[in-house]
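*Asks:* 3D, please:
(2 chains)
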Number of protein chains: 2
Amino acid sequence: MECWSFPPRYDDAYTPPPDQPYWFPERETMDPAERDELILGRLREVCAYALERSPFYRAKWGDFRPEDLQSFADFERLPVIKKDELRADQAEHPPFGSYTCIEPEDVVRVHGTSGTTGRPTAFGIGRDDWRAIANAHARIMWSMGIRPSDTVFIGSVFSLYMGSWATLSGTERLGAAAFPFGAGVAGQSQRAVNWMAQMKPDAFYGTPSYALRLAEIAAEEGLDPRDFGIRILFFSGEPGASIPSIRARIEELYGGKVFDCGSMAEMTPWMNLGESSAQAGMLCWQDVVYTEVCNPETNRRLPFGSEGTPVYTHLERTSQPMIRLQSGDLTRWESGPTPCGRTYPVLPRGIYGRIDDMFTIRGENVYPAAIDEVLTALPDYGGEHRILISREETMDKLAVRAEHTAEADAEAFRAAAQEALRTTLGVSTAVVAVPPNTFERTEFKARRVVDERALFHETVGA
Amino acid sequence: MECWSFPPRYDDAYTPPPDQPYWFPERETMDPAERDELILGRLREVCAYALERSPFYRAKWGDFRPEDLQSFADFERLPVIKKDELRADQAEHPPFGSYTCIEPEDVVRVHGTSGTTGRPTAFGIGRDDWRAIANAHARIMWSMGIRPSDTVFIGSVFSLYMGSWATLSGTERLGAAAFPFGAGVAGQSQRAVNWMAQMKPDAFYGTPSYALRLAEIAAEEGLDPRDFGIRILFFSGEPGASIPSIRARIEELYGGKVFDCGSMAEMTPWMNLGESSAQAGMLCWQDVVYTEVCNPETNRRLPFGSEGTPVYTHLERTSQPMIRLQSGDLTRWESGPTPCGRTYPVLPRGIYGRIDDMFTIRGENVYPAAIDEVLTALPDYGGEHRILISREETMDKLAVRAEHTAEADAEAFRAAAQEALRTTLGVSTAVVAVPPNTFERTEFKARRVVDERALFHETVGA
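*Replies:* Numbers count the residues shown, from 1 in each chain, chains lettered A, B, ... in the order given. Coordinates of the predicted model:
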């Protein structure tokens, strides 16, 4: 296979001919069984590397020996890592944790989590890792159709959020022009649409929520996003780009094609889940990060066609290699090949929820993304909504406050939304129609759910 | 000289031994007359390159021929470029202007001005340029004492502002660890001080105003910036780091050494003005960008010891080379060598004003930076102030509203400030003492002057 080694050794001067759809034709289109055989060998190498260098893995794995790995079933017996473990280990072994397999002085990039759910964890990435990350991202962006002659406008914040930085590294490696504009600063959205109108980038990266927000702002500025001339819009950070109604809305507003990508910051190169030009769902680029979609209870791999949570293993990271990191995300996977000819497994609906953001209303499992999808498909939907889950006595109640457009009949919209949600979710929902621009827009990831039942539980001691 | 060519061809694998003070010993310490001879030859090459590729320069220079350049006096006869010309040319020749000497498809980075004073201008930077910029910045950061084992915390916004990006490129090239944290997003300052407390970076980059602001926020969070362990703080974007009282304040608060650097985004590598470990003022790294401190009227070079405006010429840029760009800044220059052994000219007091931000009060020239300096030196100064220039009848009036500290006697502070300003500026100033935290803090460049006389002129038609 092309440049297949651990640690990775990529030729930074390599770029495919522009009319070649694959960065690495052999690796991307090979017989999956043959690829699996090679991956199993690589897993032995990666586990041996981690055991040799990391007290974290030695403690976690007990008497496991890499040569015990004779099948993927053997590999599934290794315990999964949860994010809490990384946080605790890093607190005990600052700054980067005892799962770090390079010396602190070999770190060339420091990033971290936002710490919204506890002590932030730091990522310490080595020089060779950074090069391999850039290579992987260039390769996956290539599969979307981005080429060296393109300009990529990066409209997401450059701070802790890894998405922006890794997209920049991929753009640089691919040889395209990067316009790393950022987001999040006062007035920046207005400037963003004006710069896009002026510079006409070929590709846009950000979050789906923010792309929708920018389209609103463009309209306020008297600009039509279709005039930006963007051919490719690729997204991560939220499920939106894989939700058909949201994808269709963005494609209609911008006149470009939408691609979904992204797994977790810990798993960088996080485009290890990334959609190709076939637009058939996110591919699991198994030769970059080995993905198993697992039963969330047993953490054993599920057959294709099943719904479960992705468990990830780095095949190209030497600094903080993750071996069986449980994502907590929810997806369904299928076997390849996809119409682009790649033989990777695929997630046709992307990542559509989390084990823990799914809520249960009167016995029905409801995902916030499903509500988003239903509303966005309604022509009179004004672009934002909020979800309120409450409990009266012992009865769960689901309410949605949704904006209608300025032109819409509010009552008609309310009735249509209520009926559509009841049909799709299987639970009755109280919809309240509110005027356009009632809710704050986000430049990052939307947060729309308020679950008051926790409060209820505390109050009644349940 | 080490790697001296046009276009530049640097060895990206080169790093000096850590105990060597110079990146390029010969280039940095050579006889200045000998260096000047080489620069003159390089100017001929750069001018020939621009004439061959740029309609802008052909139109601007008429029948000038590069072989006419026999002395620096010949070079001084070339007309200066003003920023307005770049803006107008770029509007006429989008997206990058007819002073761009590479093909649009060879651009790998796009940045731009903020456009606060008119149509923004775009920077289109080629791959080889970006490498040369990284090399120059690594070299100048090396002279401050930054080494590959260090971690550099970049606390300035990553968007259009070139300072952040070029510092990142220099950090990467030097082989140090970059922690590109950014600034400007809600809540980010609190996160910044907590991350610095956790990660203990060796160097900090940002604006002086923001470093002072972060120290206040650290105190609010119960943290002492001295515990961050920062050895080197380097700044650009504002004159503050060269103002002795501000420098002393930052050094006291953080317990590290302060270095000033930076010229203009158009001149990137803008660290072409950059201070070395000797802390003797910003050096003019003449073999990167050739600087002439000129009479702002004639644009002829002034002798060492004079005050004037820097006029810059790129010696290492192939994409948008600037040849005699008038900065509009104000400085005084001296000949080298400085105590670090480098033989470059030096700006002992940095950039301390602009031709156009200097205001005249009753015949006295006053720089906002001078007021900043006087106030910061007062022990009871609360950290922010505003300057109001007004006119009553035909009499200019200068008023300063300045914060006192929580512990201070407001009236005593007012009297002390008024007396100190009168002594230094030579004009009487009405000081009003206001409580701490009256004025908004900035995360970027401070804007403190309100000149109401323009309004007055409009009103009375003067």
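*Asks:* Distance of A:Ala197 relative to A:Arg231?
*Replies:* Here A:Ala197 is placed at a distance of 16 Å from A:Arg231 (C-beta to C-beta, to the nearest Å). All C-beta atoms are positioned from the backbone trio N, CA, C, and that covers glycine.
*Asks:* Give the burial count for the nearest residue in space to A:Met1 that is not next to it in sequence, as a bare number.
*Replies:* In space, A:Met1 comes closest to A:Arg27 once its chain neighbours are excluded; the distance is 4.8 Å by C-beta to C-beta, 6 or more residues apart in numbering or on different chains. The criterion is other C-beta atoms under 10 Å in any protein chain shown. On that basis, A:Arg27 has 22 neighbouring residues.
*Asks:* my guess is A:Arg27 is in a helix, correct?
*Replies:* Yes - following the definition DSSP: H, G, I helix; E, B strand; the rest coil, A:Arg27 is counted among the residues of a helix.
*Asks:* Report the separation between it and chain B.
*Replies:* A:Arg27 sits 26 Å away from chain B when distances are taken as C-beta to the nearest C-beta, to the nearest Å.
*Asks:* I'd guessed A:Tyr344 sits against A:Glu334; true?
*Replies:* No - with contact defined as C-beta atoms under 8 Å, A:Tyr344 does not reach A:Glu334; the gap is 10.4 Å.
*Asks:* so the closest residue to A:Phe439 other than its chain neighbours is in which element?
*Replies:* Distances taken as C-beta to C-beta, 6+ apart put A:Glu384 closest to A:Phe439, at 4.0 Å, once the chain neighbours are dropped. Following DSSP states H and E, one finds A:Glu384 within strand A:381-392.
*Asks:* Which positions in that strand come out as buried?
*Replies:* Neighbour-count burial for strand A:381-392 flags A:381-389, A:391 (criterion: 16 or more other C-beta atoms under 10 Å in any protein chain shown).
*Asks:* and the nearest residue to A:Ile243 once chain neighbours are set aside, what element?
*Replies:* In space, and not counting its chain neighbours, A:Ile243 is closest to A:Glu373: 4.5 Å by C-beta to C-beta, 6+ apart. A:Glu373 belongs to helix A:368-376 when assigned by DSSP H and E.
*Asks:* Pull the residues that contact that helix.
*Replies:* Under the contact criterion C-beta atoms under 8 Å, 6 or more residues apart in numbering or on different chains, helix A:368-376 has outside partners A:239-240, A:243-246, A:249, A:352-353, A:357, A:381, A:385, A:387, A:400, A:402, A:417, A:420-421, A:424-425, A:448-449.
*Asks:* what's the answer for stretch A:127-139, then?
*Replies:* Among residues not part of stretch A:127-139, those counted as contacts by C-beta under 8 Å, 6+ apart are A:7-8, A:10, A:12, A:23-24, A:106, A:108-109, A:125, A:166-167, A:169-175, A:268-269, A:271-272, A:285, A:288, A:316-319, B:175.
*Asks:* Separate out the buried members of the residues you listed.
*Replies:* Those of these that meet the buried threshold are A:8, A:10, A:23-24, A:106, A:108-109, A:125, A:166-167, A:169-175, A:268-269, A:271-272, A:285, A:288, A:316-319, B:175, by 16+ other C-beta under 10 Å.
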